[in-house]
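1. Turn this into a structure:
(one chain, ligands or ions: 1)
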Amino acid sequence: MALIGIDLGTTNSLVAVWEDGHPSLLKNSLGSVLTPSVISINDDGNILAGEVAKQRLVSHPGLTVSEFKRTMGTDYIYHLGSRQYRSEELSAFLLKKMISDAEEQLGTPVTEAVISVPAYFDDNQREATKLAARIAGVEVKRLINEPSAAILYRQWKMRDIEAEPDGIYIVVDFGGGTLDISIVDCFENIIEIVAVSGDNKLGGKDFDKAVALDFCERNNLSFEALDNNTKHNLLWCAEEVKRSLSDSSTASMRVNIHGTIYEHVYTEGELLDACAKVLGKIKSIINNAVNGAKISVDEIMDVVLVGGSCKMPIVQKYISALFKRNVTADDDIDNYVGYGTGVLTGIIRRDGYIRDIVMTDVCPFSLGVGTRMNDSSPEYMSVIIPKNSILPISKSATYAGLTPFQKRLGFKIYQGEEMLANANLLLDSFGIDVIPDANGDTAVEVTFTYDINGLLEVSARDLNGPLTFEKNILSKSSQLSESEIAGKRAYMNNNMHLEKDKEENRRIMAWAQRLHAQADTEDKVRVISIIKDFSTALENNNPAQIARTRKRVSQQLLCMDLIINHHNFDDEDIIRKLQADIAKEQAEYADE
Ligand code: AMP
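-> Next comes the predicted model:
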């Protein structure tokens, strides 16, 4: 029975374990530590997860979904083919795939997991994450905030190389869909998160959209008027250009829209112009965290960059300018959060010296109830647990009724920093029966308990009544009954086929289909001939021949991908080398 750490990312997800005194990342069935957070349903109704699904984003957008983490804990429904899914079900499919790959690697069943979530995830989003794990069949030992996981790994890494890790750090975790800022005080074995701030609707996808819009403007196109497939293709190409510009000074974006080729060679300066508005949003979020920690920028010992978007030189330069120092990203920032979940599994298992590390986290937002002076006054926010309180925490406040002989007091629970209650996020509401009082002197004590996983429990009692508590009165609308969970698990198990070999073949097919959707007429013909070649091998059902064809076809597809989606001028050399390799391989094949 194993305990694993899972970084359940917006774009990619990772699995980590603690073994032999250090965290390690487990490879998925396709040999990569990154599993794209993408789900697709194929023509037979099979659920595909990860890389295979990602390839289908362009070729089958109506049957494929990514970034579902952005709608965790909401009522948003995804329509894939004839079925509807909520974000927690899609997350469960992804978790199932990662757990199954982990079991294959570890040779033992995985029953427990530590899962990372953005610090800014609210109660509904955290509950939805736990629900996803239950559908997937694992128990969540702990939810850890992503920046906390990142700093946990960094501290472990520093300790390992005997660097001096004590001091105040700021962690900038900028992923595909969220920006989380944490201020962390590290002293000896204690890692104390002192303040957090964030935006769970700001991430790498906003840069992609900004580039796609800029590209359309340069080519006199209207993004909104494009059909769904073309939009997806454009966003795909925009992301590729954005990534290329992290390594090269120019990158070419070339998009085939209904037979017409549109092209622009981007420079870093043009990327900066296109993305200026997105960058501008970072500053106030960092300021919030620094103010929340009641420190000055000079007290910050180091800026730790985490998440894929921090790889962008324009992001690093912007943050360097904000902090007036040179800020760069480590090579393995994609893996920081994943590794951090692995370190936490070591702490939970109380393994060796790691067991001495203590980490405290904070509540990322204020929690309270709405109160009124009288029936006609606006509802004000009465904070029970203030933002940045250290977790776990339990606090109470007493509220009076508004009128004599009142039989019941109703409460709305809000999260947020605004003075007017309804400007904050309404989490839930509840009511408690009270003993009516002629003078209206009813008094109800409301207690909020916020646990180490960032989950809220609410209890209340009538101070004039018998000593009875109403506990855990949140309605948890996203919760499902045991039988509903079992039903969803059965559907998942019946429709997910995770055999390694078949998945490789599906990945090749999905890749070819994506290229077919992106190619112009001439290249489409070449892609079709590759698909036919591979289909013939599959029909012959000879494992050795399939493996060999798969290798050849992979090289051909890589070459076609570079031809169809080439971004910078180094690609020309790679294409020539690949073409030479393919010709050699084909000659060998023909000789046999
Ligand atoms: P994460 O959620 O941390 O996996 O980050 C995913 C985001 O990082 C996506 O929006 C990616 O496009 C972006 N990303 C990943 N690698 C790079 C790179 N080399 N340059 C720019 N953005 C990147």
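2. Counting neighbours, what do you get for residue 260?
-> Counted by other Cβ atoms under 10 Å, the residues lying close to residue 260 total 10. Backbone N, C-alpha and C define where each C-beta goes, glycine included.
3. quick one: residue 414 from residue 559, how far?
-> Distance of residue 414 to residue 559, computed by Cβ to Cβ, to the nearest Å: 56 Å.
4. hang on, I meant residue 275
-> Residue 275 sits 31 Å away from residue 559 when distances are taken as Cβ to Cβ.
5. Assign a three-state SS to residue 440, would you?
-> Following DSSP: H, G, I helix; E, B strand; the rest coil, residue 440 is assigned to coil.
6. so who does it touch?
-> Counting by Cβ atoms under 8 Å, 6 or more residues apart in numbering, residue 440 touches 400, 401, 402, 403, 404, 405, 406.
7. interface residues of the protein facing the ligand?
-> By Cβ under 6 Å from any ligand atom, the residues of the chain that approach the ligand are 9-12, 175-176, 203-205, 239, 242-243, 246, 307-309, 311-312.
8. Narrow the residues you listed to those in helices?
-> With DSSP state H as the criterion, helices contain 204, 205, 239, 242, 243 from among those.
9. does the first one really touch residue 310, like I thought?
-> This points to residue 204. No: applying Cβ atoms under 8 Å as the test, residue 204 and residue 310 come out as separate, 9.6 Å apart.
10. Count the residues that sit near the residue in the stretch 1-150 of the chain positioned nearest to the ligand.
-> Residue nearest to the ligand within the stretch 1-150 of the chain: residue 11 (3.7 Å; Cβ to the nearest ligand atom). Using other Cβ under 10 Å, residue 11 has 23 other residues around it.
11. Identify the residues contacting it.
-> By Cβ under 8 Å, 6+ apart, the contact set of residue 11 is 36, 37, 66, 67, 175, 176, 177, 204, 308.
12. Out of the residues you listed, which end up buried?
-> Among the contacts of residue 11, those classed as buried by 16 or more other Cβ atoms under 10 Å are 36, 37, 66, 175, 176, 177, 204, 308.
13. With pLDDT added, can I get these in TSV?
-> Below are those laid out as TSV (pLDDT from 0 to 100):
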residue	pLDDT
36	95
37	96
66	93
175	86
176	84
177	81
204	93
308	90
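14. On the three-state scheme, residue 537 is what?
-> helix.
15. Lowest average confidence across helices and strands of the protein, where is it?
-> In the chain, the helix or strand scored least confidently by mean pLDDT, DSSP states H and E is helix 570-591, which has a mean of 69.
16. For the helix or strand where residue 78 lies, what does the pLDDT average out to?
-> Using DSSP states H and E, residue 78 sits in strand 77-80. Averaged over strand 77-80, pLDDT sits at 95.
17. what lines up beside that strand in the sheet?
-> For strand 77-80, the paired strands and their directions (DSSP bridges) are strand 83-86 (antiparallel).
18. so what does the helix or strand encompassing residue 458 touch, helix or strand wise?
-> Element membership for residue 458, per DSSP H and E: strand 456-462. Counting contacts by 3 or more Cβ pairs under 8 Å, 6 or more residues apart in numbering; DSSP states H and E, strand 456-462 packs against strand 408-415, strand 425-433, strand 443-450.
19. Can you point out the buried residues in the longest one?
-> Going back to what we said before, that points to strand 425-433. For strand 425-433, the neighbour count (16+ other Cβ under 10 Å) marks 427, 428, 430, 432 as buried.
20. Do you have the helices of the stretch 101-250 of the chain handy? List them.
-> Ranges of helices in the stretch 101-250 of the chain, per DSSP state H, counting those that start in this stretch, are 123-136, 146-160, 204-218, 228-244.
21. same question for stretch 391-404, mean pLDDT?
-> Averaging pLDDT along stretch 391-404 gives 91.
22. In PDB, list the C-alpha atoms belonging to it.
-> Extracted in PDB, the C-alpha atoms of stretch 391-404 (Å, rounded to 0.1, in the frame of the first residue of the first chain):
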ATOM      1  CA  LEU A 391      -4.000  27.000  10.500                       C
ATOM      2  CA  PRO A 392      -5.600  25.100  12.100                       C
ATOM      3  CA  ILE A 393      -7.800  27.700  13.700                       C
ATOM      4  CA  SER A 394     -11.100  27.800  15.500                       C
ATOM      5  CA  LYS A 395     -12.800  31.100  16.300                       C
ATOM      6  CA  SER A 396     -16.300  32.100  17.500                       C
ATOM      7  CA  ALA A 397     -18.400  35.200  17.400                       C
ATOM      8  CA  THR A 398     -21.900  35.900  18.900                       C
ATOM      9  CA  TYR A 399     -24.800  37.300  17.000                       C
ATOM     10  CA  ALA A 400     -28.100  38.700  18.200                       C
ATOM     11  CA  GLY A 401     -31.500  38.500  16.600                       C
ATOM     12  CA  LEU A 402     -33.200  41.500  15.000                       C
ATOM     13  CA  THR A 403     -36.700  41.300  16.400                       C
ATOM     14  CA  PRO A 404     -38.600  40.100  19.500                       C
END
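23. in it, what counts as buried?
-> 391, 393, 395, 397, 399, 401.
24. Touching, the first one and residue 360? I think so.
-> Spelled out, it's residue 391. Yes: applying Cβ under 8 Å as the test, residue 391 and residue 360 come out as touching, 6.9 Å apart.
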